[in-house]
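can you look at this prediction? I've put the sequence above it.
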Amino acid sequence: MQWVTTTQVLEALKGSNEPAWQQFCDYFHPIVANFARKLGLSATDAEDAAQETMVEFLKAFRNGKYDREQGRLCNWLLGVAKRVILNLRGNRPLERLIADKTTGTSFWDMIKDDHSIKHTWDTEWRRMVLTRCLEQARRETSDDYIEYSTSVDMKTPGYIGAHVTIQLAYLNVTETMWIEVQTSLDGTNWDDDPVFSFRIESTPNPNQISCILFDMAWFRLAFKRDTLIDFIDILAKYQGWKYQTN
């Protein structure tokens with residue numbers, strides 16, 4: 001699984017790249033919207049501010065006004081967002097600019113505190129970075145932490161069924177293993193849905209499961225883990241059988 005970096009997105013934005021624009025908005029629209037709400041705008045006004053910030057950023061970026069050598073994207077986008085929010089504030093009636101009706105804190109009282117603004121923005125930015133990291137980790141867990149057994153040909157030797165036994169020995173008693181039995185007609189293209197799926201706990205240790213398979217041309221085992229931190233010893237074996245005639 002490959003990371004798509006901010007630098008890659010910005011490079012793609014230099015042209016008319018709709019997927020890159022969508023990705024940029026997915027990353028940064030929530031930051032600006034949350035930031036605007038924290039500064040007292042209503043949910044509707046915050047969404048308007050976020051959308052306008054995205055558009056203003058894109059126009060300025062394509063006009064060459066953003067220079068990475070002069071500062072971080074984080075700080076430059078903050079400047080755009082502040083201008084948009086202040087302009088939006090100027091076009092809203094006063095009663096819509098109350099941030100917290102329980103304390104009476106006004107939007108203007110909050111917006112003039114630059115230190116608080118920067119702290120709020122940095123908090124939202126870090127939240128975005130953490131969210132992206134967690135999403136990437138989940139994708140890598142679902143795609144990369146999978147190992148497959150040797151594919152077993154049932155068709156050529158004429159097996160009508162097989163008894164499969166799997167034993168796992170854990171070094172870390174907190175880990176969990178998911179095992180799927182996958183089938184195929186040709187040993188190359190595997191069915192999307194497994195015929196069996198097991199969640200194997202680390203207790204008892206070692207742990208053993210077994211299943212009976214019928215009427216399939218090929219099968220294999222898929223071993224899925226939630227981490228790759230520790231070693232798990234896996235012993236899998238099968239015994240096939242054929243029709244018996246007298």
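Arrived safely.

what secondary structure does residue 150 sit in?
coil (DSSP: H, G, I helix; E, B strand; the rest coil).

list the contacts for it?
Contacts for residue 150 (C-beta atoms under 8 Å, 6 or more residues apart in numbering) come out as residue 220. For glycine as for every other residue, the C-beta is placed from the backbone atoms N, C-alpha and C.

quick check: the gap between it and residue 83.
Residue 150 is 62 Å from residue 83, where distance means C-beta to C-beta, to the nearest Å.

go on, residue 204?
Distance, residue 204 to residue 83, by C-beta to C-beta: 63 Å.

out of these two, which sits in the busier spot?
More crowded of residue 204 and residue 83, by other C-beta atoms under 10 Å: residue 83, with 13 against 8.

quick one, what contacts that one?
Counting by C-beta under 8 Å, 6+ apart, residue 83 has contacts residue 56.

and the helix or strand containing residue 22, how far out from the chain middle?
Assigned by DSSP states H and E, residue 22 belongs to helix 18-38. From the chain centre to the centre of helix 18-38 is a distance of 16 Å (C-alpha atoms, centre = their mean, to the nearest Å).

rounded mean pLDDT for it, please.
Helix 18-38 shows a mean pLDDT of 84.

which other helices and strands contact it?
Contacts defined by 3 or more C-beta pairs under 8 Å, 6 or more residues apart in numbering; DSSP states H and E place helix 18-38 against helix 6-13, helix 43-62, helix 73-90, helix 114-144.

those helices: which one's closest to residue 217?
helix 114-144 (26.2 Å; C-beta to C-beta).

quick one: average pLDDT of that closest one?
66.

and for stretch 150-170?
So the average pLDDT for stretch 150-170 ends up being 89.

returning to what we had before: save the helices and strands packed on helix 18-38 as JSON lines, and put in distance to residue 225 too.
As requested, these are exported to JSON lines (distance: least, C-beta to C-beta, whole Å):
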{"stretch": "helix 6-13", "distance to residue 225": "29"}
{"stretch": "helix 43-62", "distance to residue 225": "38"}
{"stretch": "helix 73-90", "distance to residue 225": "35"}
{"stretch": "helix 114-144", "distance to residue 225": "8"}
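
nearest to residue 34 among those helices would be which one?
Proximity to residue 34, assessed across these by C-beta to C-beta, is greatest for helix 114-144 (5.0 Å).

could you list the domains of the protein?
Per automatic domain parsing, the structural domains of the chain span 6-144, 146-241.

name the nearest residue to residue 241, ignoring sequence neighbours.
Closest residue to residue 241 apart from its sequence neighbours, by C-beta to C-beta, 6 or more residues apart in numbering: residue 161 at 5.8 Å.

may I see the buried residues of the helix or strand where residue 169 lies?
Using DSSP H and E, residue 169 sits within strand 161-170. Across strand 161-170, burial judged by 16 or more other C-beta atoms under 10 Å covers 161, 162, 164, 166, 168, 170.

what's the neighbour count on residue 120?
For residue 120, using other C-beta under 10 Å, the count is 19.
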